[in-house]
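In: 3D, please:
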Amino acid sequence: MSNKRSKENSELRRAQVAAFSESDMTAKEWCAEYGMSTSTLHYWKRKIREEGTSTNHWVDISTLADRDPDPGCTAIVPIGHGSVVVRIGAFSVEVTRNTDLECLRTILSVTASLC
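Out: Okay, the predicted model is just below:
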């Protein structure tokens, strides 16, 4: 598989694991509905969890709850174990523990300039 297709597959699987985590379904129910084997779901959950032990540093977003929001930032919303959605105006950016921080800075800068 090419590197680009591998990255796309990885991003798809991460989105699927996030969707499962947000659901109220069991793994068996979710997998039956979305056409994924439970072993694949458990593999990707484990892989993502293990990657979460990397050296990336995260800010505890619970400390942001009492602050006045930045006028350009609508919300920072936890969406599952190890990820959040940052909403800036009409745009949403999902941030996971393995997000490339330079890429994220660029995306947030461009997004904020469009609001």
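
In: wait, N98 sits on K47?
Out: No: under the criterion of Cβ atoms under 8 Å, N98 is not in contact with K47, lying 10.3 Å apart. To be clear about C-beta, it is placed using only N, CA and C from the backbone, and glycine gets the same treatment.

In: quick check on S92: phi, psi?
Out: phi -130, psi 140 (degrees, to the nearest 10).

In: how about the nearest residue to it, chain neighbours excluded?
Out: V85 (5.2 Å; Cβ to Cβ, 6 or more residues apart in numbering).

In: now the helix or strand where the one you found lies - C-alpha only, PDB.
Out: Using DSSP states H and E, V85 maps to strand 83-88. Written as PDB, here are the backbone C-alpha positions of strand 83-88 (Å, rounded to 0.1, in the frame of the first residue of the first chain):
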ATOM      1  CA  SER A  83      -8.900  13.900  21.100                       C
ATOM      2  CA  VAL A  84     -10.700  17.200  20.900                       C
ATOM      3  CA  VAL A  85     -12.500  19.300  18.300                       C
ATOM      4  CA  VAL A  86     -11.400  23.000  18.100                       C
ATOM      5  CA  ARG A  87     -14.200  25.100  16.600                       C
ATOM      6  CA  ILE A  88     -13.200  28.500  15.100                       C
END
